[in-house]
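**Student:** Mind folding the following:
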Amino acid sequence: PGTSGADCFDYIIADQVLIPKDDQQYYSEKIIYLASFQANASTRPAPSTLFTRQDLGLPKTGFIFCCFNNANKYNPSIFDSWVNILSKVNDSILLLFADNESVKVNLTKEITTRGIQPNRLFFGDRLAFPEYLARYKVVDLFLDTVPFNAGTTCSDALQSGLPVITCKGKIFAGRMGSSLLNALNMPELITTNLEQYEALAIELANNPERLKAIKDKLDKNLSTALLYDINLFTNNIENGYQKIYDRCQDNLAPAHLK
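**Tutor:** Numbers count the residues shown, from 1 in each chain. Next up, the predicted model:
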């Protein structure tokens, strides 16, 4: 998710959120601009598994924040924001993906040193794909990581009907969440700094009506938005490849293509 920095690659696939015009200078590749950089199936079968909170070892009540990104995307600044959010939402918990014991031990220590009881931090293991998707149905709100956003994980959450709050960064990897939400016509979930990110998470957790309205809009958009229109994506990328081929046949150098 970014430039290779190499002269042996002619193009990179992106969209205008990921790589705005002013950032083209930082890429060794020319850019193929699509409506969305990410290919997604238009529909996905509903998970056959239905989890309850108890199935996942979670409390029966209370708001559930989650992040199922790989743990190498967690860092002190985003963890500070998560702690600030938990401190402002009574009885809320945070469910994080952790596939090794070191992550669990270290993050439990870190949340304790920040003044939050460790019983508000929960961990989810790696699951088979159907169960992984089913887990999204149990939680209330996905908190993206900064500066390396969720990519496929963000799209999985959104297609499962779970809102994702992201913070728009300055680089490709830090703008994936914003790109996906923009292609889903959900810009209200995009923030530009951690203060906005925390405030939005706290507001949605403490305002059930607003959160429900966002979930209803997300459900409605899933069938119409650019993000999950695989036929449009296929046509666009094939058109891009055709333009690349035509330029090559005309002995023209690679160029940005929209």
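**Student:** Strands of the stretch 101-250 of the chain, start to end?
**Tutor:** Along the stretch 101-250 of the chain, the segments classed as strands by DSSP state E, counting those that start in this stretch run 121-124, 141-143, 164-167, 190-191.
**Student:** contacts for the shortest one?
**Tutor:** Put plainly, it is strand 190-191. Under the contact criterion C-beta atoms under 8 Å, 6 or more residues apart in numbering, strand 190-191 has outside partners I165, T166, C167, K168, G177, S178, L181, N182, Y197, L200. No exception for glycine: its C-beta is placed from N, CA and C like everyone else's.
**Student:** State the number of residues packed around the fourth one.
**Tutor:** Using other C-beta atoms under 10 Å, K168 has 22 other residues around it.
**Student:** quick thing: my sequence starts at 20, can you match it?
**Tutor:** I'll keep to 20 as the first residue from here, and by that count the last item is K187.
**Student:** Leaving out the residues flanking it, which one is nearest to it?
**Tutor:** In space, K187 comes closest to S197 once its chain neighbours are excluded; the distance is 4.3 Å by C-beta to C-beta, 6 or more residues apart in numbering.
**Student:** ok so, going back, next, format the strands of the stretch 120-269 of the chain as TSV and append mean pLDDT and distance to N89.
**Tutor:** Conversion of the strands of the stretch 120-269 of the chain to TSV gives the following (pLDDT from 0 to 100; distance: least, C-beta to C-beta, whole Å):
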stretch	mean pLDDT	distance to N89
strand 140-143	97	12
strand 160-162	98	14
strand 183-186	98	16
strand 209-210	98	22
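**Student:** can I have stretch 118-135 written out in PDB, keeping just the CAs?
**Tutor:** In PDB, the C-alpha atoms belonging to stretch 118-135 read as follows (Å, rounded to 0.1, in the frame of the first residue of the first chain):
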ATOM      1  CA  ASP A 118      -3.000 -14.000  17.900                       C
ATOM      2  CA  ASN A 119      -0.200 -14.400  20.500                       C
ATOM      3  CA  GLU A 120       0.100 -14.200  24.200                       C
ATOM      4  CA  SER A 121       2.700 -11.400  24.100                       C
ATOM      5  CA  VAL A 122       0.200  -9.000  22.600                       C
ATOM      6  CA  LYS A 123      -2.300  -9.900  25.300                       C
ATOM      7  CA  VAL A 124       0.200  -9.500  28.200                       C
ATOM      8  CA  ASN A 125       1.600  -6.200  26.900                       C
ATOM      9  CA  LEU A 126      -1.700  -4.500  26.100                       C
ATOM     10  CA  THR A 127      -3.200  -5.500  29.400                       C
ATOM     11  CA  LYS A 128      -0.200  -3.900  31.100                       C
ATOM     12  CA  GLU A 129      -0.500  -0.800  28.900                       C
ATOM     13  CA  ILE A 130      -4.200  -0.300  29.600                       C
ATOM     14  CA  THR A 131      -3.600  -0.700  33.300                       C
ATOM     15  CA  THR A 132      -0.900   1.900  33.400                       C
ATOM     16  CA  ARG A 133      -3.300   4.300  31.700                       C
ATOM     17  CA  GLY A 134      -5.900   3.900  34.500                       C
ATOM     18  CA  ILE A 135      -8.400   1.600  32.900                       C
END
